[in-house]
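Novice: Sequence first, predicted coordinates after that:
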Amino acid sequence: RTNLFYYGSGNPAPWNETMRPGDNKWTMTIFGRDIDTGEAKFGYQKTPHDEWDYAGVNVMMLSEQKDKTGKLRKLLTHPDRNGIVYTLDREDGTLISADKLDDTVNWVKQVDLKTGIPVRDPEFATRMDHKATEICPSAMGYHNQGHDSYDPEKQLFYMGINHICMDWDPFM
């Protein structure tokens with residue numbers, strides 16, 4: 001109905017984040033592309049400068065639900081390996097929500113819904129001069145490659161999640 005197809009791009013490389021400064025634009029991005037032309041209608045980068053190998057290519061669930069004002073919207077919901085469940089308007093890519101799958105997700109304090117940018121917690125960064133412990137989620141992610149579903153009658157999402165954290169011990 002939107003004449004778009006949706007997919008996610010993977011993580012940047014090399015995994016050592018000190019070797020690739022910047023946001024590494026277009027990695028870790030949910031794209032909506034025109035089926036006929038291939039033109040990107042929108043792209044939302046979930047984890048700029050991903051330093052944990054969260055690779056955001058997993059399932060995109062489509063639904064139609066009412067927003068807080070009662071307006072019916074076409075939505076795309078993506079539970080990411082980074083521990084955040086993102087919901088976007090699938091017609092224009094507007095970020096609707098970005099909620100932690102679990103209270104233990106700690107690499108990020110929150111996602112700023114106005115800018116879409118994650119507010120990171122530097123304690124759980126993977127830089128070379130810092131040993132981080134109990135980074136949640138691990139590189140495996142809180143959500144990986146399992147298939148999820150949406151029940152439109154119950155208006156519920158069903159998804160499998162992991163609860164695995166990791167330590168980061170930098171070395172040359």
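Specialist: Ah, there it is.
Novice: Quick check: mean pLDDT of the lengthiest strand in the chain?
Specialist: Assignment by DSSP state E gives strand 72-79 as the longest strand of the chain. The predicted model assigns strand 72-79 a mean pLDDT of 95.
Novice: ok, now stretch 154-166?
Specialist: Stretch 154-166 comes out with an average pLDDT of 91.
Novice: Next, the buried residues of it.
Specialist: M159, I161, N162, C165, M166 (16 or more other C-beta atoms under 10 Å). Every residue, glycine included, has its C-beta placed from N, CA and C.
Novice: And the longest strand of the chain, what's buried?
Specialist: R73, K74, L75, L76, T77, H78, P79.
Novice: related to what we said a few turns ago, what's the closest of the buried residues of stretch 154-166 to P14?
Specialist: Taking C-beta to C-beta as the measure, P14 sits nearest to M166 out of those, at 17.8 Å.
Novice: Run a quick neighbour tally on the closest residue to the closest one other than its chain neighbours.
Specialist: Distance criterion C-beta to C-beta, 6 or more residues apart in numbering; nearest residue to M166, sequence neighbours excluded, is S138 at 3.7 Å. By other C-beta atoms under 10 Å, 20 other residues sit near S138.
Novice: Please determine how far S138 is located from L72.
Specialist: 38 Å (C-beta to C-beta, to the nearest Å).
Novice: Same question for Y54.
Specialist: The gap separating Y54 from L72 is 32 Å, by C-beta to C-beta.
Novice: How about P152?
Specialist: 12 Å.
Novice: again with H49
Specialist: According to C-beta to C-beta, H49 and L72 sit 36 Å apart.
Novice: just Q110 next, same as before
Specialist: From Q110 to L72 the distance is 27 Å (C-beta to C-beta).
Novice: Let me see the contact set for K25.
Specialist: Counting by C-beta atoms under 8 Å, 6 or more residues apart in numbering, K25 makes contact with Q45, P48.
Novice: try the one 5 residues further on
Specialist: When contacts are counted by C-beta under 8 Å, 6+ apart, I30 touches 6-8, 43-44, 46, 56, 60, 76, 78, 86, 88, 93.
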